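J.: no FASTA, just this:
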Ligand code: GLN
């Protein structure tokens, strides 16, 4: 019998429910159970792809080309396994499907309602994943905060599943916040109590409460929360702020969390194997030296916009025995002369040109690329960053002053980056980019080959534009080298011939496949290069 673990959230959003869900998965997996995870997002968008990063943080791309919520990224990183786009369920998808079925006559004669039609659709999708993956345990995180109108149908579906699947096969974990009053320093439990009451009002009695707080939960607060939640004290777990999210599973485990939930699910308990994970956390947090990386982008005010890149740098640096300090450089500020690019990049050990869309900030990014290239600062461009590296070379090394990407200047006389032919007739903007995992042919005797050590590699993509093949000869004469190709013959990796520094552009996003115990190779080598060439000099 498959077990379902539902994770709900109370008090406010952004508490780290995704990390608690991912940590729970890691702990169960480390015992030896097979697990998978689903994220439910109650918004009406079909997927996260049409949202600005400022609305919802990064769009995480799955192997099969899903444009999903960033929590799917946390799950993949903690579980060390790929998930498909089906693992991110939204209100948009549910309604889309129910309305299509109604039009097709599937509910002929019936009045189509939230209960049972919408709730059935939700339950069917959750069960389908259980069936398809064949795992022992399915984790289901219900996004939003208990009490929101939007998440009600999902909570109702979860409530029904408890009855249908059996109490012993379902578990509810509620994650809520206990704030600390700055005036008295007191840890307050009322918001947690209220959110549990709200959950019980709709028929869900949680089995465990994870309490987020600045410092660890005091005994008195824990006792109070247990009492008002109708639970034993051992079902309430403090989850204080820590130095790294990767420590969360270890903290929860120390507090008896794993044993408690395994017991509640009626499963056999064994001590989880966490040695490698502990080693990673130690490496990540105990470092003598740090490298400084400039992150040049236009969504720098919300760091979650680039979360997979940040995490990939952490994985890469931990295994290179070094820490990483990020210096955020807002590309639009360079453009407006608020920030002087030479000064901004003066003391950094490396520069990353971040992905993005649209014109704003691009001239700032191009200036940063020029400064990094001319001063031989290790440079890594991801997707849009790679495309702008090509624009920079075309302008400054080829002398094509007005060279540009057609995305930014539709009338440029030198479209060195142009729309992919597969995009010419695209009308609907949702889910229509070149998405997901595609093979890349790596040329021998290149930096790309030294990084990967093989000829065919797979990385995940999310783009509409591409380096224009018509300019490749000219670009290569100017010193650029295309070292990775798509099957259709488009550049996937670029580098500089005979470069005396690290200069690399990647059309795909290797960060989406970076894992704590297996860093993405491009990030790993970027950090390694810096450690060997800058730090140790
Ligand atoms: N805007 C560019 C494109 O569509 C790059 C996209 C990205 O950086 N993900 O090709």
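T.: Sure thing, it's come through. Predicted model only: the values in this text are computed from it and were never measured. Residues are numbered from 1 along each chain as shown.
J.: counting by contacts, list what the helix or strand harbouring residue 312 packs against.
T.: Secondary structure from DSSP states H and E places residue 312 in helix 307-318. Contacting helix 307-318 under the criterion 3 or more C-beta pairs under 8 Å, 6 or more residues apart in numbering; DSSP states H and E are the following elements: helix 70-79, helix 275-285, strand 290-297, strand 323-330, helix 521-530. C-betas here are computed from N, CA, C, even on glycine.
J.: avg pLDDT for that helix?
T.: Mean pLDDT, helix 307-318: 98.
J.: did I read that right, residue 99 in a strand?
T.: No: counting by DSSP: H, G, I helix; E, B strand; the rest coil, residue 99 falls outside a strand, being helix.
J.: count the residues that sit near it.
T.: 12 (other C-beta atoms under 10 Å).
J.: just the pLDDT at it, thanks.
T.: 97.
J.: helix, strand, or coil at the residue in the chain sticking out farthest from the centre?
T.: Centroid-distance maximum for the chain: residue 109 at 43.3 Å, with C-alpha atoms, centre = their mean. On the three-state scheme (three-state DSSP), residue 109 is labelled coil.
J.: about what we covered before: quick one, which of the helices and strands packed on helix 307-318 is nearest to residue 148?
T.: helix 70-79 (16.6 Å; C-beta to C-beta).
J.: what mean pLDDT does the closest one have?
T.: Mean predicted confidence for helix 70-79 is 97.
J.: and the residue nearest to residue 172 when sequence neighbours are not counted, how many neighbours does it have?
T.: Computed as C-beta to C-beta, 6 or more residues apart in numbering, the closest residue to residue 172 that is not its neighbour in sequence is residue 206, at 4.5 Å. Residue 206 has 26 neighbours, counted by other C-beta under 10 Å.
J.: ok, and what's touching stretch 151-167?
T.: 1-2, 4, 6, 8, 40, 42, 91, 94, 114-115, 118-119, 122-123, 126, 140, 142-146, 170, 172, 199, 202-204 (C-beta atoms under 8 Å, 6 or more residues apart in numbering).
J.: if we use 6 Å, what do you get?
T.: Contact with stretch 151-167 is made by 6, 40, 42, 114, 118-119, 122-123, 142, 144, 170, 202-204, as judged by C-beta atoms under 6 Å, 6 or more residues apart in numbering.
J.: re earlier: how close does the residue farthest from the centre of the chain sit to residue 102?
T.: 11 Å (C-beta to C-beta, to the nearest Å).
J.: now for the contacts of stretch 151-167: which two are most distant?
T.: 114 and 170, at 21.1 Å, using C-beta to C-beta across these.
J.: next, the nearest residue to residue 81 once chain neighbours are set aside: secondary structure please.
T.: Take residue 81 and drop its neighbours on the chain: the residue closest to it by C-beta to C-beta, 6+ apart is residue 36, 7.7 Å away. Three-state assignment for residue 36 (three-state DSSP): strand.
J.: and the pLDDT for residue 429?
T.: 87.
J.: gap between it and residue 455?
T.: 35 Å.
J.: check residue 53 too.
T.: Computed as C-beta to C-beta, the residue 53 to residue 455 distance reads 34 Å.
J.: specify which residue of those two has the higher count of neighbours.
T.: Per other C-beta under 10 Å, whichever of residue 53 and residue 455 has more neighbours is residue 53, with 21 against 13.
J.: and the protein, which residues reach the ligand?
T.: 355, 356, 357, 383, 384, 407, 462, 463, 464, 465 (C-beta under 6 Å from any ligand atom).
J.: max pairwise distance over the residues you listed: which two?
T.: Between any two of these (C-beta to C-beta), the greatest distance is 13.6 Å, for 407 and 462.
J.: neighbour count winner among residue 114 and residue 170?
T.: Neighbours were tallied for residue 114 and for residue 170 using other C-beta under 10 Å; the higher tally belongs to residue 170 (21 against 12).
J.: so what pairs up with that one in the strands?
T.: Beta-bridge partners of residue 170, counted by DSSP bridges, are residue 4.
J.: out of the helices and strands packed on helix 307-318, which is the most enclosed?
T.: helix 70-79 (a mean of 25; mean count of other C-beta atoms under 10 Å).
J.: can you tell me the average pLDDT over the very next helix or strand once past it?
T.: Moving toward the C-terminus from helix 70-79, the next helix or strand (DSSP H and E) is strand 88-90. Mean pLDDT, strand 88-90: 97.
J.: got it, and stretch 340-348?
T.: Mean predicted lDDT for stretch 340-348 stands at 95.
J.: end to end, how far does that stretch reach?
T.: 14 Å (C-alpha to C-alpha, to the nearest Å).
J.: can you list contacts of that stretch?
T.: By C-beta under 6 Å, 6+ apart, stretch 340-348 touches 292, 294, 327, 329, 334, 367, 368, 371.
J.: now, which of those sits nearest the ligand?
T.: residue 368 (15.3 Å; C-beta to the nearest ligand atom).
J.: which residues are in contact with the closest residue to the closest one other than its chain neighbours?
T.: Excluding the flanking residues, the one nearest residue 368 by C-beta to C-beta, 6+ apart is residue 296, at 4.6 Å. When contacts are counted by C-beta under 6 Å, 6+ apart, residue 296 touches 329, 331, 353, 365, 368.
J.: show me the shaky parts of the protein.
T.: 536-537 (pLDDT under 70).
J.: change it to 80
T.: Applying pLDDT under 80 to the chain flags residues 54-55, 535-537.
J.: residue 503 reaches residue 497, doesn't it?
T.: No: with contacts counted by C-beta atoms under 6 Å, residue 503 stays clear of residue 497, the gap being 9.8 Å.
J.: of the two, who's got more company?
T.: Using other C-beta under 10 Å, the more surrounded residue of residue 503 and residue 497 is residue 503, with 25 against 13.
J.: next, the more buried one: phi, psi?
T.: phi -140, psi 110 (degrees, to the nearest 10).
J.: skip the chain neighbours and tell me the closest residue to it.
T.: residue 496 (4.2 Å).
J.: burial count for that neighbour?
T.: 22.
J.: now do residue 101
T.: Neighbour tally, residue 101, other C-beta under 10 Å: 14.
J.: show me where the stretch 401-537 of the chain has its strands.
T.: 404-405, 415-419, 434-442, 456-463, 465-467, 480-486, 491-496, 503-506 (DSSP state E, counting those that start in this stretch).
J.: coming back round to it: give me the ChimeraX select line for the contacts of residue 296, limited to the buried ones.
T.: In ChimeraX, this line selects whichever of the contacts of residue 296 come out buried by 16 or more other C-beta atoms under 10 Å:
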select :329,331,353,365,368
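J.: quick one: which of the contacts of residue 296 is nearest residue 436?
T.: Once C-beta to C-beta is applied, the member of the contacts of residue 296 that ends up nearest residue 436 is residue 353, at 22.5 Å.
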